[in-house]
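Test case, fold it:
(one chain, ligands or ions: 1)
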Amino acid sequence: MSALFSLPGIDISTEPVDLICYSYDASIAPPSLPYAVAWPRTADDVSRILKHASEHDLAVIPRGAGTGMAGASIPTVSGALVLSFERMRKILDLDPKNLQVVVEPGVVNAALQKELEYHGYFYPPDPASMAVSTIGGNVATNAGGPRAVKYGVTRNYVMGIEAVLAGGNLLQVGGKVQKRVVGYSLKDLLVGSEGTLAVTTKIRLKVLPLPDDVMTLLVSFQDLEAAGSAVAKMIAAKVIPRAVEFIDRSALEVIEAHKPTGLPKNCEAVLLIELDGYPATIRKEAERVAAVCSTLGGEITVAEDRFARERLWEARRAISPALRNLNRRKINEDIVVPLDRLPHALRELRRMSEQSGIPIVSFGHAGDGNIHVNIMVEKESPDEYRRGLELVREVFAMTIAAGGAISGEHGIGILKEPYIEMELKEQELDLMRSIKRTFDPKGTLNPGKVFTSVPRADVWGSQIPLFS
Ligand SMILES: Cc1cc2nc3c(=O)[nH]c(=O)nc-3n(C[C@H](O)[C@H](O)[C@H](O)COP(=O)(O)OP(=O)(O)OC[C@H]3O[C@@H](n4cnc5c(N)ncnc54)[C@H](O)[C@@H]3O)c2cc1C
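Numbering: from 1, shown residues only. This is a model prediction of the structure:
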């Protein structure tokens, strides 16, 4: 047994039941057993583990709730130690005078929202996984959510980070001040780095006062592209809703089959639009939204109260889990395009689906151009899976040609690594690789993620027995 297990005071397990629980995430990447799982309680625990891992050439895989969609928290190499933050879940300090909160990385997003709401504040980033995903994971993936259209993504709210570097040294970057121009922003570099540069142990976040009021509208369209056009036109009409979610016909059918929600069935797409602010401002904005949408043939209903609003959001959040109920394998991507190219992207996705005969279910945070593209292939057909992967390339090529990006929020992990060169130029990649080498010369942290390829063909073999 490795000397690793003599680290006193740190909970570590090599029990198969634990290893299995930490062998997969929410993506389609194949599970892979770690060597051990550790549950640190303090930054000092993390530091001791990283020092030890470095000395014994163990890989370290930081992990939040494992809701990642890119395979970024799967231990894909042998001798990997998963660092799970379930025992670092404290909200440490709410600082109303500076509109900030300090949390440990294992704090679940929704738990933070609940606590802040109690005090009259909110933290805008609201990934649809918020009931489970952690702030540490959200920071490492620069998570977005429906409210990103008005309020931005996680990076816009991270004020400071305490992290442990690969060799075990503690690093503190950023802090309480609203502005800072002192050297490079290492804090911003850590946000979205998918656990490959450092392990976050404390995070200082910006929070906002709760808005006075919220209004939620559901608009159904008989024409797919009209729904896409409505998004850019509403922004051009100088209304920035706090959320504009898009759900296409096939996604509506999937939700309805999973759990009837009362969402419209006989339409090509719906937009779920939410406005917030002062009641008088919201009313004015709602009139403008209604004017734009009805010109494009949209039919508008307003959620009457908090409960009706929550039902709509529950339906929206049910899409991803509902897709798993279909007897198909989903290859899910999260492209992002400029707002004025949304109708083009939606049209192209429909064309690709019709031409290939493979269903593509689309939904997402249309207000910021982010579409979740779910290519639903036959479960038992390796041939259709291969054709599905060809479609992924086609989707990415269309996205890049439209001035977009291959991931708006899920990140690269292992699943999108084979495509990263479609978007990033060699010079940019070289700079990124040299940053990784500077932070982590021995490649201890989350190896195989972002830059090193795991062939997509292996993903098909996700029936790999856990104990082979
Ligand atoms: C149903 C569903 C809906 C989703 N909706 C959204 C959405 O709306 N928006 C969105 O952005 N994403 C969404 N996601 C994807 C996922 O929830 C996010 O990527 C989330 O931020 C991951 O958080 P996690 O705690 O589960 O992290 P994990 O999946 O465990 O890890 C994700 C990454 O973070 C790293 N990491 C975790 N903790 C630390 C730490 N302390 N230090 C350093 N690195 C760390 C891991 O190594 C890994 O690279 C969704 C996923 C699901 C299943």
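
Contact residues of the stretch 1-150 of the chain facing the ligand?
25-26, 61-69, 72-73, 85, 105, 127-129, 133-134, 136-138, 140-141, 143-145 (C-beta under 6 Å from any ligand atom). All C-beta spots, glycine's among them, are computed from the backbone N, C-alpha and C.

Looking at those, which are in strands?
Counting by DSSP state E, these place 61, 62, 63 in strands.

ok, which stretches of the stretch 51-200 of the chain are helices?
For the stretch 51-200 of the chain, helices defined by DSSP state H, counting those that start in this stretch occupy the ranges 109-118, 135-141, 148-151, 186-190.

whoops, the stretch 301-450 of the chain was the one
Under DSSP H, counting those that start in this stretch, the stretch 301-450 of the chain gives helices at 306-317, 319-325, 342-356, 382-401, 420-423, 426-439.

Which among those helices is found nearest to the ligand?
Closest to the ligand of these is helix 319-325 (C-beta to the nearest ligand atom; 3.5 Å).

Mind listing what's buried along that closest one?
319, 320, 322, 323 (16 or more other C-beta atoms under 10 Å).

Packing partners of it?
Judged by 3 or more C-beta pairs under 8 Å, 6 or more residues apart in numbering; DSSP states H and E, helix 319-325 is in contact with helix 249-258, strand 328-336, strand 360-364, strand 370-378.

and the buried residues of helix 319-325 near the ligand, which?
Here is what survives when these are matched to the ligand using C-beta under 6 Å from any ligand atom: residue 320.

thinking again about what came up before, who wins for proximity to residue 438 among the helices of the stretch 51-200 of the chain?
Residue 438 sits nearest to helix 186-190 of all the helices of the stretch 51-200 of the chain, at 10.5 Å, using C-beta to C-beta.

residues in contact with the residue nearest to residue 233 when sequence neighbours are not counted?
The spatial neighbour of residue 233 that comes closest, neighbours along the chain excluded (C-beta to C-beta, 6 or more residues apart in numbering), is residue 292 at 4.8 Å. By C-beta atoms under 8 Å, 6 or more residues apart in numbering, the contact list for residue 292 reads 230, 233, 234, 237, 239.

how would you label residue 292: helix, strand or coil?
Under the three-state scheme (DSSP: H, G, I helix; E, B strand; the rest coil), residue 292 adopts helix.

and it, how far is that from residue 405?
Applying C-beta to C-beta, to the nearest Å, the value for residue 292 to residue 405 is 26 Å.

Same list, the helices of the stretch 51-200 of the chain, but as JSON lines with distance to residue 216, mean neighbour count and mean pLDDT please.
Formatted as JSON lines, the helices of the stretch 51-200 of the chain follow (distance: least, C-beta to C-beta, whole Å; neighbours: other C-beta atoms under 10 Å; pLDDT from 0 to 100):
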{"stretch": "helix 109-118", "distance to residue 216": "17", "mean neighbour count": "17", "mean pLDDT": "98"}
{"stretch": "helix 135-141", "distance to residue 216": "23", "mean neighbour count": "30", "mean pLDDT": "98"}
{"stretch": "helix 148-151", "distance to residue 216": "14", "mean neighbour count": "22", "mean pLDDT": "96"}
{"stretch": "helix 186-190", "distance to residue 216": "33", "mean neighbour count": "19", "mean pLDDT": "98"}
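
For the ones you listed, could you give me JSON lines that also reports distance to residue 437?
What follows is the helices of the stretch 51-200 of the chain, written out as JSON lines (distance: least, C-beta to C-beta, whole Å):
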{"stretch": "helix 109-118", "distance to residue 437": "32"}
{"stretch": "helix 135-141", "distance to residue 437": "19"}
{"stretch": "helix 148-151", "distance to residue 437": "32"}
{"stretch": "helix 186-190", "distance to residue 437": "14"}
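
quick one, which of those helices is nearest to residue 258?
Using C-beta to C-beta, these put helix 109-118 closest to residue 258, at 20.8 Å.

Can I get the closest one in CSV, CA atoms only?
Provided in CSV are the C-alpha atoms of helix 109-118 (Å, rounded to 0.1, in the frame of the first residue of the first chain):
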residue,chain,number,x,y,z
ASN,A,109,-24.8,26.4,-6.0
ALA,A,110,-28.5,26.2,-4.9
ALA,A,111,-27.6,26.1,-1.2
LEU,A,112,-25.7,29.3,-1.7
GLN,A,113,-28.7,30.9,-3.6
LYS,A,114,-31.0,29.9,-0.8
GLU,A,115,-28.8,31.4,1.9
LEU,A,116,-28.3,34.6,0.0
GLU,A,117,-32.0,35.0,-0.8
TYR,A,118,-32.8,34.7,2.9
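
what's the distance between it and the middle of its chain?
Using C-alpha atoms, centre = their mean, to the nearest Å, the mean C-alpha position of helix 109-118 is found 19 Å from that of the whole chain.

Contacts for it next, please.
Helix 109-118 is contacted by residues 89, 91, 94, 101, 103, 122-123, 125-127, 129-135, 138, 207, 210 when judged by C-beta under 8 Å, 6+ apart.

returning to what we had before: can I get the buried residues of helix 319-325 in a markdown table including pLDDT and distance to residue 304?
Shown next, in a markdown table, are the buried residues of helix 319-325 (pLDDT from 0 to 100; distance: C-beta to C-beta, whole Å):
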| residue | pLDDT | distance to residue 304 |
| --- | --- | --- |
| 319 | 89 | 23 |
| 320 | 84 | 27 |
| 322 | 88 | 25 |
| 323 | 87 | 29 |
